[in-house]
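Enquirer: Provided below for reference: sequence and predicted model.
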Amino acid sequence: MNVDRFRLSLAGAGIAVMTAMAAAPALAQSDLPAGVSALLDDAAAEGTVSLFVSSDARTAEDEARLEEAIANDLGIDIDIRLVGGAPDPVYVQQLVQQHNAGVGVPVDLIVTVPTLLGVLNEAGAIAATDWAALDANPEEVAEQVHGLFVAEFARPIFYNTNLLKPDEVPTSIEELLSEKWAGRIVTAALPDVFSPWAIGLGEDKTLEMVETLLVDLRAGIAPAPAAIRTLVESGEYPIGFGIRISGDQIANNSPVAYAPIKAPLVPRFAGVLEQSSNKNAAALVAWWLSQTENGQTLSAEVLEWPRHTTPGTDLYELSKLTDGVYSAPAEWWMTKGVEAGNAVARLLQDI
């Protein structure tokens, strides 16, 4: 796929997801796994699920769309409350402190990266949900952290289409790290922006990449990953490193597009909080988001939690543009991913 065609595909991604959602049939009650059907009465009695959505802003309309779809698919009413807060690492530490203090937690369900789910699980703050009993895909269950795969995010490279023509855009990490782009790239100096690249590059080459970007190429440093989007869209920098193009940018046809450089994906896993009083409803919502067509579509459309395998999403288009993506199982994130993150953190302190 050439870059011009990709821009058109990306601009239509939101429409494609909405069309897929409208076309997906409601689940028949008789088609539900026995373990899921067994949860319905207790989940309906609990009636509420508070879901952490990181620092993203969500609306009552977003909650209503999820509630309507769950009612159509599962035949029960669940009051969905989308709870925003601090970035995931900070919020997870708050949950650990609340758990250790024995106070009630503000959410029933969290969807985050495996390493942070591991922090919660090590503190005893994640319930030992039996996802296998719900007939979840075994390849999407992270038993070591009691998590269920829901979605992904990427750490790609993107660019301002008003400033760069498609044939001017770097097509490999090697091209990106050339002196040509000195002072023209913006990123965020955070370990988790760079450590996922160790999936494809290995830890040593990832560290070399970070040092080249920040020292040799004097990359601009955004205060947070989300700010990279604004700095590139505004034209202050032609190239951004380390965050997806946002749903709003796609909807507004903003002058941004992905560079054709294979990028790493970071999985998001759902975990039910141990202190939740709505464990059945939380497990049911997590299962629905993860294991059903409508759930996956609404995860991408409403929560901006896509999978690269879901047609119509920007990650799907990115994977086609770059002929694949870098990905790794949960076990990698709990071992080599942690090691890579620690190594990048040490390097950032020294730079």
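Expert: Looks like it came in fine.
Enquirer: going by neighbour count, which residues of stretch 225-239 are buried?
Expert: 225, 228, 229, 231, 232, 233, 237, 238, 239 (16 or more other CB atoms under 10 Å). All C-beta atoms are positioned from the backbone trio N, CA, C, and that covers glycine.
Enquirer: with stretch 279-289 instead?
Expert: Going by 16+ other CB under 10 Å, stretch 279-289 has these buried residues: 279, 280, 281, 282, 283, 284, 285, 286, 287, 288, 289.
Enquirer: follow-up on the earlier one: now distance to residue 146 and pLDDT too, for the buried residues of stretch 225-239, in TSV please.
Expert: TSV is the format used below for the buried residues of stretch 225-239 (distance: CB to CB, whole Å; pLDDT from 0 to 100):
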residue	distance to residue 146	pLDDT
225	27	90
228	33	97
229	33	97
231	38	98
232	38	98
233	39	98
237	41	98
238	43	98
239	39	98
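Enquirer: may I see those organised as CSV, with distance to residue 153 and secondary structure added?
Expert: Output for the buried residues of stretch 225-239, formatted as CSV (distance: CB to CB, whole Å; DSSP: H, G, I helix; E, B strand; the rest coil):
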residue, distance to residue 153, secondary structure
225, 10, helix
228, 13, helix
229, 13, helix
231, 19, helix
232, 17, helix
233, 18, helix
237, 21, coil
238, 23, coil
239, 19, strand
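Enquirer: now the two most distant members of the residues you listed.
Expert: 225 and 238 (17.7 Å; CB to CB).
Enquirer: residue contacts, the closest residue to residue 162 other than its chain neighbours?
Expert: Once flanking residues are discounted, residue 162 sits nearest to residue 255: 4.5 Å by CB to CB, 6 or more residues apart in numbering. When contacts are counted by CB atoms under 8 Å, 6 or more residues apart in numbering, residue 255 touches 160, 161, 162, 233.
Enquirer: out of these, which sit inside helices?
Expert: Residues of those located in helices (DSSP state H): residue 233.
Enquirer: tell me the one among the contacts of residue 255 nearest to residue 112.
Expert: For the contacts of residue 255, the nearest to residue 112 is residue 233 (26.5 Å; CB to CB).
Enquirer: what sits closest to that closest one if chain neighbours are left out?
Expert: That would be residue 254: by CB to CB, 6+ apart, it lies 5.2 Å from residue 233.
Enquirer: doesn't residue 146 make contact with residue 126?
Expert: Yes: counting by CB atoms under 8 Å, residue 146 is a contact partner of residue 126 at 5.1 Å.
Enquirer: before we move on, back to that, make JSON lines out of the buried residues of stretch 279-289 and add distance to residue 90 and pLDDT.
Expert: Formatted as JSON lines, those follow (distance: CB to CB, whole Å; pLDDT from 0 to 100):
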{"residue": "279", "distance to residue 90": "25", "pLDDT": "98"}
{"residue": "280", "distance to residue 90": "29", "pLDDT": "98"}
{"residue": "281", "distance to residue 90": "26", "pLDDT": "98"}
{"residue": "282", "distance to residue 90": "22", "pLDDT": "98"}
{"residue": "283", "distance to residue 90": "26", "pLDDT": "98"}
{"residue": "284", "distance to residue 90": "28", "pLDDT": "98"}
{"residue": "285", "distance to residue 90": "24", "pLDDT": "98"}
{"residue": "286", "distance to residue 90": "22", "pLDDT": "98"}
{"residue": "287", "distance to residue 90": "28", "pLDDT": "98"}
{"residue": "288", "distance to residue 90": "28", "pLDDT": "98"}
{"residue": "289", "distance to residue 90": "23", "pLDDT": "98"}
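Enquirer: quick one: contacts for the residue nearest the centre of the chain?
Expert: Geometric centre of the chain, nearest residue: residue 153, 3.4 Å, by CA atoms, centre = their mean. Counting by CB under 8 Å, 6+ apart, residue 153 touches 244, 265, 266, 268, 305, 315.
Enquirer: ditto for residue 286
Expert: Residue 286 touches 109, 111, 129, 148, 150, 270, 272, counting by CB under 8 Å, 6+ apart.
Enquirer: before we move on, which element is it in?
Expert: helix 279-291 (DSSP states H and E).
Enquirer: just after that helix, pick out the following helix or strand.
Expert: helix 293-301.
Enquirer: what comes up buried for that following helix?
Expert: So for helix 293-301, counting by 16+ other CB under 10 Å, buried means 294, 295, 296, 297, 298, 299, 300, 301.
Enquirer: stretch 214-223 now?
Expert: Quick answer for stretch 214-223 (16+ other CB under 10 Å): 214, 217, 219, 220, 222.
Enquirer: what do you get for stretch 311-329?
Expert: 312-322, 325-328.
Enquirer: now go through those and say which are in helices.
Expert: Reading helices off those with DSSP H, I get 314, 315, 316, 317, 318, 319, 320, 321.
Enquirer: which non-adjacent residue is nearest the second one?
Expert: Okay, so that is residue 315. residue 308 (4.0 Å).
Enquirer: for that neighbour, give me its contacts.
Expert: 152, 154, 265, 315, 316, 318, 319, 325, 327.
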